[in-house]
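Q: Dropping a prediction and its sequence here:
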Amino acid sequence: MKMLVVDDHAIVRQGLAALLIDRRAASEVLQAGDEAEGLALAAAHPDLDAVLLDLRLPGGGGMAAIGAFAGLRPTLPVIILSSSEDPADVRQALDLGALGYVPKSASPETLLSAVRLVMSGEIYLPPFMLNAASQAPAPAVALGGLTPRQTEVLAALATGLSNRDIGIVLGLSEKTVKAHVGAIFRALDVGNRTQAAAAAQAAGLIPPPSAVTGGG
């Protein structure tokens, strides 16, 4: 993969580039020190696969940059790297279109796992956000905004199937499933698979966990 690291600290950029290449998570890593340079590189390299974006950039900051990258390349995955572990920052970044949020306190293995997860079509959240999401009540859901195929994908997703397995079951390519999952998240206003599964349960697409009982 070809990736772009946007961070105003050269040491951080170079360290991330070395990590990604050394661990074979990327074959090429471009580097930018601010939003303007990052956007210029993204425009000049249409084969770019993902952006690792610092949340604390000079000028407008990383939050504004998320929207700027989305406007330039709507399908380009953006993964936030930040020293902030404020849940409000995580939620805002996801609301703006980021597909992952990795605290800079995380281990290199965590970062690599996050990159692979996002590139496989998932959304990566730090563990403290996943714990909060799993305890959140199911959102009020109106499934009228989903197509019949998206409803099928949602039901399969809610049973724990990966994008690849959903594609096998429904006869779709993994890329198509990924696109459907993104559309489902937007339509239901959810940020991860846990919340989407809760929405599917609330809509009666799958039984709640308490309804699944064993014999005897």
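A: Right, received. Where do you want to start?
Q: who's in contact with residue 80?
A: 53-55, 62, 66, 93, 98, 100-102 (C-beta atoms under 8 Å, 6 or more residues apart in numbering). Every C-beta, even on glycine, is put in place using the N, C-alpha and C of the backbone.
Q: Kindly recompute the last result at 7 Å.
A: Contacts for residue 80 (C-beta atoms under 7 Å, 6 or more residues apart in numbering) come out as 53, 55, 62, 93, 98, 100-102.
Q: Remind me which helix or strand it belongs to.
A: strand 78-82 (DSSP states H and E).
Q: Flag every buried residue along that strand.
A: 78-82 (16 or more other C-beta atoms under 10 Å).
Q: Now do it, average pLDDT.
A: Strand 78-82 shows a mean pLDDT of 94.
Q: Could you check how far the spatially most central residue of the chain is from residue 14?
A: Nearest to the geometric centre of the chain sits residue 99, at 2.3 Å (C-alpha atoms, centre = their mean). Distance from residue 99 to residue 14, counting by C-beta to C-beta, to the nearest Å: 24 Å.
Q: And the helices in the protein?
A: Assigned by DSSP state H, the chain shows helices spanning 10-22, 35-44, 62-72, 87-95, 108-119, 127-135, 148-158, 163-170, 174-188, 193-202.
Q: Contacts only, for the nearest residue to residue 95 once chain neighbours are set aside.
A: Spatial nearest neighbour of residue 95, excluding adjacent residues (C-beta to C-beta, 6 or more residues apart in numbering): residue 191 at 7.8 Å. When contacts are counted by C-beta under 7 Å, 6+ apart, residue 191 touches 94, 123, 185.
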